[in-house]
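S.K.: Predicted model follows, preceded by the sequence.
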Amino acid sequence: MHLRARVMYDFDGEAANGELTIKEDEVLNILRQDVGDGWWEAENSQGVKGLVPQAYCEAVDGTQDGVSSPGSSVPSPSYDDRQDGVDEEWDYDEEWDGEPGSPTDSGLNGQGNYGLHGANRHMKRGGEVKTGTVSKTFKSRFSVFAKSGGEAYLLGADTKKRHIPANTEVRIVESDEGPMWEDPGGDWRFTCEITNPKKESKLKGMKSFIAYQLTPSNTGIRVSRRYKHFDWLYERLSEKFTLICVPQLPDKQVTGRYEESFIERRMDGLQRWMARMTSHPIISQCDAFQHFISCTDEKQWKVGKRKAEKDELVGAAFLQTITPPDTGLEVAHVETQHDNFAKFVKSMNDSMVVIQQTFHESRKRHMGPFKREYQKVGQSFNAIAESFEIDTRPRVNGNDAPPQESVRLTDAVKNTGKTYEDIGLFFAQQPSKDLIPFEDFLREYHGMIQTFPDMIQFHKHTISTVKECQKQREDQKMDFEEAESVKQRADVVSYAMMAEINHFQDERVRNFKEAMEGFLTEQIKFYQNVTAKLEDALGKFQDI
């Protein structure tokens with residue numbers, strides 16, 4: 001027997017997209033609940049079939065008039081049931097194999113109003129019933145905004161009550177520089193050193209992997225972590241913090257994973273990533289991250305791992321933990337700032353592509369053509385010095401040795417040849433001191449800037465939803481209280497976006513200052529070494 005569901009709101013479906021038009025109080029037969037992304041396949045009383053939004057329906061018991069919560073469905077296995085044996089995935093190979101997905105609910109965490117900008121609302125004023133329809137767009141149905149539950153959060157469609165522990169509350173405060181994430185207090189800033197990569201094995205040598213030792217500066221407790229553990233942490237953080245920049249980890253590699261050069265590069269990339277995480281006042285304090293850097297007991301690790309995977313305050317649900325300043329925001333002002341930052345992101349992304357390519361080509365020239373050219377010059381000086389060695393002077397007494405001035409000149413030319421050969425080696429070795437580290441830094445920041453388009457789209461949808469609700473309120477299709485509640489929740493999104501932008505910009509100034517100082521310092525040392533070599537070569541000629 002099919003599940004039956006009662007329609008709560010009107011929905012104008014698009015037949016071209018396989019959608020079914022439904023009306024309030026209509027009863028449907030639910031044919032499939034596993035369509036995914038917040039949609040069910042249903043059949044109406046006329047036998048017409050199509051897709052309907054799950055959030056617009058409420059399940060009805062087949063034999064009774066009992067009604068369940070909106071969007072409910074046949075009970076599925078509990079998360080703990082689905083996790084039976086899941087801890088075995090920690091015994092998989094170095095790169096993550098088949099990590100089970102985290103649980104999602106039908107409201108904020110991955111289901112709900114996918115791309116639907118609100119249901120039809122019936123509001124009674126003086127006995128009159130008004131119906132308001134908010135438009136929908138197919139292309140946004142699978143966007144980050146929809147998948148993370150942004151729309152359900154804004155429209156108050158999520159009815160699930162969540163307990164928010166005091167230690168998970170996040171505050172945004174006003175400062176001279178604008179909205180900022182509140183300082184956690186105390187000596188919260190710390191570093192996490194990654195050292196001693198070591199090849200280990202298990203299952204009697206059948207499985208091998210590289211383990212890295214992590215030591216946080218604030219505890220001094222060393223923990224051992226594999227790359228897949230970092231990958232697990234990245235998945236938890238990127239799922240939880242929709243409006244916080246969580247850059248991707250260094251790329252995975254199928255072959256050459258145990259080569260020393262690759263291990264060193266990966267360790268450096270992981271070190272940069274960890275530095276980015278520990279410097280963020282929200283990420284560095286969250287339970288999953290603290291568990292990752294502090295847990296040394298295997299059983300406790302599994303407990304904390306499951307707890308993080310069952311976290312309900314992820315995606316848009318995390319916004320429920322945020323307390324913004326009391327000052328309401330003007331939509332027009334927020335939209336202007338949003339557009340300005342979007343332009344900044346595009347410009348920086350484009351310039352990062354250019355500068356990375358420039359540095360990459362410069363590195364190749366240093367290690368190839370520049371080295372060869374200087375060595376070629378050195379070899380040409382050596383060749384002329386060899387001809388000078390043949391210098392003989394015709395004399396009556398038979399002593400044809402050249403004078404000392406000629407000998408010293410030949411030696412000086414030989415030294416010049418060696419000088420240029422050495423300078424060629426300087427050019428080949430120099431990228432490891434300045435160009436490569438700076439290129440890695442640029443690659444890291446390029447990865448960070450690429451996390452913002454999704455955040456910008458999330459915020460853009462938020463602004464659009466607020467403007468649409470305000471229009472409906474003006475047309476008396478939405479009551480004041482409902483529109484105001486949408487505006488208040490949108491302010492939380494805007495404040496969070498502002499706080500993250502300000503954090504990013506502050507870090508960018510500090511990081512680029514340090515990176516440029518390091519790069520130019522190494523450049524100066526390089527050219528000083530080249531100058532010293534040339535001055536020494538010049539001195540040989542001046543001593544003749």
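M.R.: Arrived safely, thanks for sending. From a predicted model like this one, the values you see are computed outputs, not experimental measurements.
S.K.: Checking my notes, Gln33 in a strand, right?
M.R.: Yes. Counting by DSSP: H, G, I helix; E, B strand; the rest coil, Gln33 is located in a strand.
S.K.: ok, it - how many residues close by?
M.R.: A count of neighbours around Gln33, defined by other CB atoms under 10 Å, yields 18. C-beta here means a position set from N, CA and C on the backbone, and glycine is covered the same way.
S.K.: where does this structure have low pLDDT?
M.R.: In the predicted model of the chain, residues 1, 16-17, 36-37, 61-143, 158-161, 254-255 satisfy pLDDT under 70.
S.K.: all helices for it, in order.
M.R.: 79-82, 144-147, 150-155, 227-240, 260-278, 287-294, 298-309, 331-365, 371-388, 404-429, 435-449, 452-474, 480-542 (DSSP state H).
S.K.: Tell me which of those is the most buried.
M.R.: Burial of these is given as mean neighbour count (mean count of other CB atoms under 10 Å); helix 150-155 ranks first at a mean of 28.
S.K.: So what's the gap between that one and the chain middle?
M.R.: Centre-to-centre, helix 150-155 and its host chain are 23 Å apart (CA atoms, centre = their mean, to the nearest Å).
S.K.: name the helices or strands packed onto it?
M.R.: helix 452-474, helix 480-542 (3 or more CB pairs under 8 Å, 6 or more residues apart in numbering; DSSP states H and E).
S.K.: For Gln404, find the nearest of those helices.
M.R.: Among the helices and strands packed on helix 150-155, helix 480-542 comes nearest to Gln404, with 13.6 Å by CB to CB.
S.K.: Give me the angle between that closest one and helix 331-365.
M.R.: 30 degrees (axes from the mean of the first three to the mean of the last three CA atoms, to 10 degrees).
S.K.: so how far is helix 480-542 from its chain's centroid?
M.R.: Its chain's C-alpha centre and that of helix 480-542 lie 18 Å apart, by CA atoms, centre = their mean.
S.K.: same question, stretch 438-453
M.R.: Here the centre of stretch 438-453 is set off from its chain's centre by 9 Å, with CA atoms, centre = their mean.
S.K.: and of the helices of the chain, who's closest to Gln248?
M.R.: Of all these, helix 435-449 comes closest under CB to CB, at 5.6 Å.
S.K.: May I see the helices of the chain organised as CSV, with distance to Asp10 added?
M.R.: Below are the helices of the chain laid out as CSV (distance: least, CB to CB, whole Å):
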stretch, distance to Asp10
helix 79-82, 34
helix 144-147, 20
helix 150-155, 15
helix 227-240, 33
helix 260-278, 46
helix 287-294, 41
helix 298-309, 37
helix 331-365, 27
helix 371-388, 72
helix 404-429, 71
helix 435-449, 42
helix 452-474, 14
helix 480-542, 17
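S.K.: out of those, nearest to Gly18?
M.R.: The closest of those to Gly18 is helix 144-147. By CB to CB, the value is 17.5 Å.
S.K.: For the closest one, enumerate the helices and strands it packs against.
M.R.: helix 452-474.
S.K.: Give me the packing partners of the helix it packs on, helices and strands only.
M.R.: Under the contact definition 3+ CB pairs under 8 Å, 6+ apart, helix 452-474 sits against helix 144-147, helix 150-155, helix 331-365, helix 480-542.
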